[in-house]
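Peer 1: Please find the sequence and the predicted model below.
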Amino acid sequence: MSDDKRIKQVIVMRHDLKMRRGKQIAQGAHAAMSFLCRRLQAAGSVSLDSLTDAQRAWLSGAFAKVCCRVDSEEELMLIHDKAVDAGLEVHLITDSGRTEFHGQPTRTCLAIGPDEADKIDQITGHLELL
């Protein structure tokens, strides 16, 4: 990975749900950690060798994250689908509904990356910051 490539992770949060600030933070943390946690669940361990160059650069760098907002589940899923179609790693978070959302599992946010900022910006660059 060349030094001139910026690496980041983008968290996209549903703003229409009017989540408490702590709930938003928890959901965003789930999303941010998901790319590592899913590997641990699948393989039992994670090695730097199993990560992409961009992911290794992100972990050894500043862990750059940007939090953006969408105003509906439909908009969240549109971002999800575009990112998947672009070949980016995407992790969608569905809250169980035990503390909010009246017991209904609810899609709250997603994380894209970590990957090259230019690739992610093509999908999320138009979104408003949270």
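Peer 2: Ah, there it is.

Peer 1: Surely H30 touches S96?
Peer 2: No. The pair H30 / S96 is not scored as a contact, 10.9 Å apart, by C-beta atoms under 8 Å. (C-beta placed from N, C-alpha, C; glycine too.)

Peer 1: Neighbour count: these two, which is higher?
Peer 2: A count of neighbours by other C-beta atoms under 10 Å puts H30 above the other of H30 and S96, at 18 against 11.

Peer 1: Relative to I11, how far out is that one?
Peer 2: 10 Å (C-beta to C-beta, to the nearest Å).

Peer 1: can you check V66 too?
Peer 2: 7 Å.

Peer 1: okay, those two: which has more neighbours?
Peer 2: Neighbour count, other C-beta under 10 Å: between V66 and I11, I11 has more, with 25 against 19.

Peer 1: mind listing what the more buried one touches?
Peer 2: 28, 31-32, 65-68, 109-111, 130 (C-beta atoms under 8 Å, 6 or more residues apart in numbering).

Peer 1: Buried members of these into PyMOL, please.
Peer 2: Buried subset of the contacts of I11, written as a PyMOL selection, criterion 16 or more other C-beta atoms under 10 Å:
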select buried, resi 28+31+32+65+66+67+68+109+110+111
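
Peer 1: Next step: the contacts of I11 restricted to strands.
Peer 2: Those of these mapping onto strands are 65-68, 109-111, per DSSP state E.

Peer 1: Please convert those to JSON lines, extending it with distance to A83 and pLDDT.
Peer 2: Listed next are the ones in strands among the contacts of I11 as JSON lines, based on distance: C-beta to C-beta, whole Å; pLDDT from 0 to 100:
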{"residue": "K65", "distance to A83": "15", "pLDDT": "95"}
{"residue": "V66", "distance to A83": "14", "pLDDT": "97"}
{"residue": "C67", "distance to A83": "15", "pLDDT": "97"}
{"residue": "C68", "distance to A83": "12", "pLDDT": "98"}
{"residue": "C109", "distance to A83": "13", "pLDDT": "98"}
{"residue": "L110", "distance to A83": "8", "pLDDT": "98"}
{"residue": "A111", "distance to A83": "10", "pLDDT": "98"}
